[in-house]
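Novice: Quick one, structure for this:
(2 chains)
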Amino acid sequence: MITLLIVDDSPIARQILKKCLPKEDNYSIIEACNGQEALEKFRQFRPEITFMDMTMPVMDGFQAIAEIKKLDPQAIIIAATADVQKKAKQRIADLGALMHLPKPASPKAVRDALAKAEQALREQI
Amino acid sequence: MADVQFSNLEKDILQELMNIGFGQAAADLAQVIDLSIELSVPDIQLFKASDLRDHIANEVDSETEFSLVEQYFLGKFKGIALLVFPAKAGKQLVSLFGLQDQRNAPSERLELLEKEAMIEVGNILIGACVGKITELLNDVVIYSPPRVMIQDVCNSTLPKNLFDPDSMAISMKTVFHFEQQEISGQLFLIANHESISWLKTALHAFMEQYE
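Specialist: Numbers count the residues shown, from 1 in each chain, chains lettered A, B, ... in the order given. Below is the predicted model of the structure:
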């Protein structure tokens, strides 16, 4: 079973993302509400795929991605964010995130993102 | 005073919609000025319409003169958008629009350019933010022309034809900062009592698709 870490300060955004996951697939889901908590959960559970919001209190997603990449350079991170500015997308790519998923998520967009993430996982093996 | 309850769930949904709406607005503005805009987590508060002065005074630096872009939006979602900048930001906004060659222009011309720059920023941020929120809630709004005021915060009041002073209003605030510039601003969307009832229903309808 694939473990997903969903990081967002908004419980609504986490709920939307969870509801957009493919029904037929079985994921183990862990949640965190800021970048700091995401780091702790990442260390503890080593999720295969992380969905990361960017605008969060305590530690934002940009810093969290950088920290997670220090722990595991191969970590697969999908930036799920309302920040759709070109420079934010570039910064996310520069940090080594797999892709940018604009909010609000849709089932098709989440399915496509997971397919890309699972492909990246297979290529690591 | 007509009392309005807003549950934590409803506040959370609204906060996320404001986050999405302002994210879109920032992207639209960033395309025009070629600068990135740092976003913050939106803040949702209910307050009495007659307390607007106190509400905004608590949120801005009361020592500083500020510029206010004001624009009404009218639909099922109805209210007023207030974009607040320090007054000195006008000059910086003019340069962001590539008009720095006008800095030696007569002071009346410069003042006009600063107002035009603020109106343009207000048009883009307010239009995109309100537009995205109402799109997600299946509403369409029309806008009044924006107007700019340079003033002291204590002069701000909500128009009585839109806001019953005794009713509750809801404030959605986001703070933003322009990358590599000393310009920060705040955007308030203030929905009137009438639209709060609609808003509560619309928020639940929005979430139903994810339940």
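
Novice: secondary structure element for B:Ile124?
Specialist: Using DSSP states H and E, B:Ile124 falls within helix B:107-136.

Novice: Show me what counts as buried in the helix or strand of chain B with the lowest mean pLDDT.
Specialist: Lowest on mean pLDDT, DSSP states H and E among the helices and strands of chain B sits helix B:52-59, with a mean of 76. For helix B:52-59, burial by neighbour count (16 or more other CB atoms under 10 Å in any protein chain shown) applies to B:52, B:55-56, B:59. To be clear about C-beta, it is placed using only N, CA and C from the backbone, and glycine gets the same treatment.

Novice: repeat for stretch B:40-55
Specialist: Buried residues in stretch B:40-55, counted by 16+ other CB under 10 Å: B:40-45, B:47-50, B:52, B:55.

Novice: Now for the one residue sitting closest to the centre of chain A: which residues touch it?
Specialist: Central residue of chain A (CA atoms, centre = their mean): A:Phe51, 1.4 Å from the mean position. Contacts for A:Phe51 (CB atoms under 8 Å, 6 or more residues apart in numbering or on different chains) come out as A:4-8, A:17, A:77-78, A:80, A:101.

Novice: Chain B contacts on chain A?
Specialist: Listed as neighbours of chain B in chain A under the rule CB under 8 Å from any CB of the partner chain: A:9-13, A:15-16, A:19-20, A:55-57, A:81-88, A:103-104.

Novice: Just the buried residues of these.
Specialist: Burial by neighbour count, judged by 16+ other CB under 10 Å, picks out A:9-13, A:15-16, A:20, A:55-56, A:81-85, A:88, A:103-104 from the residues of chain A next to chain B.

Novice: Hmm, B:Met118 and B:Leu93 touching each other?
Specialist: Yes - using CB atoms under 8 Å, B:Leu93 is in contact with B:Met118, at 6.2 Å.

Novice: Give the residues shared as contacts by these two.
Specialist: B:Phe85.

Novice: Filter the contacts of A:Phe51 down to the buried ones, ChimeraX style.
Specialist: Only the buried members of those enter the following ChimeraX selection, criterion being 16+ other CB under 10 Å:
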select /A:4,5,6,7,8,17,77,78,80,101
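
Novice: Mind checking which of the contacts of A:Phe51 are in helices?
Specialist: Using DSSP state H, the subset of these located in helices is A:Leu17.

Novice: Most widely separated two among the buried residues of helix B:52-59?
Specialist: Spatially, the most separated pair among the buried residues of helix B:52-59 is B:Leu52 and B:Glu59, at 10.7 Å (CB to CB).

Novice: residue contacts, the residue of chain A at minimum distance from chain B?
Specialist: Chain B sits closest to A:Ala82 of chain A, with a gap of 3.1 Å, by CB to the nearest CB. When contacts are counted by CB under 8 Å, 6+ apart, A:Ala82 touches A:55, A:102-103, B:19-20, B:22-24, B:39.
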